[in-house]
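**Q** sequence first, then the predicted structure:
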Amino acid sequence: MKTLYLPGILAMAAVVVASNILVQFLLGDWLTWGAFTYPIAFLVTDVMNRVYGVAAARRVVFAGFAAGVLCSLIGTQVMLQGDGYSFPAVTLRVALGSGTAFLVAQLLDVQIFDRLRHGSWWRAPLASTLIGSAVDTALFFSIAFSAIFNGLETGNVPDWAQGTVPLLGAGMELPLWASLAVADWLVKLSLALIALVPFRFTVLYLVGRMTKNH
């Protein structure tokens, strides 16, 4: 493994670990603090893809996936107390949803970025992040909370997420998890646009440093 990739791997691992911790803390009715750190994973992947190529980006993704699996394994052993009973901080469904969504969405991001890398500098990171984050959101919230996947963990059905409420408190009646998913994706959408600035400057810095060293 090239030492050049190590900062990207460490950055991705830090994002995944931080997000797994911060997702435990609510922010308003629809979000957790983890919603604001997790999208940085797409920024890390895209920077690695632009500067070092597809192979490096995929290595970083797999490192992030490994960190996520480790966090999930630890989370399943942490028991929380609520309403007179104990429950794991991370359920099987949440672990499966998180791992599947991360791996599929990040690898999709890598592929889309690579196909668009020769266009305008902003097109590849923006398109890959928007599509990847949409897939990530859809997969995670569907697997973790929707009634379709109740068979995955019959002893721990997330009834609280499947009750119907107005979408984001004002729209049509939908399961609560749909509001959580929409709010999460709106944050990712906003951060995808904001991340274009650090993406541009980080890439210019790294490319300039590589050119100077050669």
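**A** Received the coordinates, thanks.

**Q** which SS state does the residue nearest in space to the middle of the chain fall under?
**A** Nearest to the mean C-alpha position of the chain, by Cα atoms, centre = their mean, lies Tyr38 at 4.7 Å. On the three-state scheme (DSSP: H, G, I helix; E, B strand; the rest coil), Tyr38 is labelled coil.

**Q** can you give me the helices for the chain?
**A** 6-22, 40-52, 54-77, 92-116, 123-145, 159-162, 176-194, 196-213 (DSSP state H).

**Q** which of those sits most buried?
**A** Mean neighbours per residue, mean count of other Cβ atoms under 10 Å, is largest over the helices of the chain for helix 40-52, with a mean of 25. Using the backbone N, CA and C atoms, a C-beta is placed for each residue, glycine as well.

**Q** now the angle between helix 6-22 and it, please.
**A** When axes from the mean of the first three to the mean of the last three Cα atoms, to 10 degrees is applied, the directions of helix 40-52 and helix 6-22 differ by 170 degrees.

**Q** ok, residues contacting helix 40-52?
**A** Under the criterion Cβ atoms under 8 Å, 6 or more residues apart in numbering, residues 4-5, 8, 11-12, 15-16, 19, 56-57, 60-61, 64, 102, 106, 109-110, 113-114, 117, 124-125, 128-129, 132-133, 188, 191-192, 195, 198-199, 202-203, 206-207, 210 lie in contact with helix 40-52.

**Q** stretch 119-131 now?
**A** Identification of contacts with stretch 119-131 by Cβ under 8 Å, 6+ apart yields 39, 42-43, 46, 49-50, 108-110, 112-114, 116-117, 188-189, 192-193, 195-196, 199-200, 203.

**Q** ok, 6 Å please
**A** Phe42, Asp46, Asp109, Ile112, Phe113, Leu116, Arg117, Ala192, Leu196, Phe199 (Cβ atoms under 6 Å, 6 or more residues apart in numbering).

**Q** sorry, back to before: mind checking which of the helices of the chain is nearest Gly34?
**A** helix 6-22 (4.0 Å; Cβ to Cβ).

**Q** for the closest one, packing partners?
**A** The contact analysis (3 or more Cβ pairs under 6 Å, 6 or more residues apart in numbering; DSSP states H and E) places helix 6-22 against helix 40-52, helix 54-77.

**Q** 10 Å - rerun?
**A** helix 40-52, helix 54-77, helix 92-116 (3 or more Cβ pairs under 10 Å, 6 or more residues apart in numbering; DSSP states H and E).

**Q** mean pLDDT added to these, as a markdown table?
**A** As requested, these are arranged in a markdown table below (pLDDT from 0 to 100):
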| stretch | mean pLDDT |
| --- | --- |
| helix 40-52 | 97 |
| helix 54-77 | 92 |
| helix 92-116 | 96 |
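
**Q** out of the ones you listed, nearest to Trp30?
**A** It's helix 92-116; of these, that one is closest to Trp30 (Cβ to Cβ) at 17.0 Å.

**Q** tilt between the closest one and helix 40-52?
**A** Computed by the same axes, to 10 degrees, the angle between helix 92-116 and helix 40-52 is 30 degrees.

**Q** which strands and helices sit next to helix 92-116?
**A** helix 6-22, helix 40-52, helix 54-77, helix 123-145.
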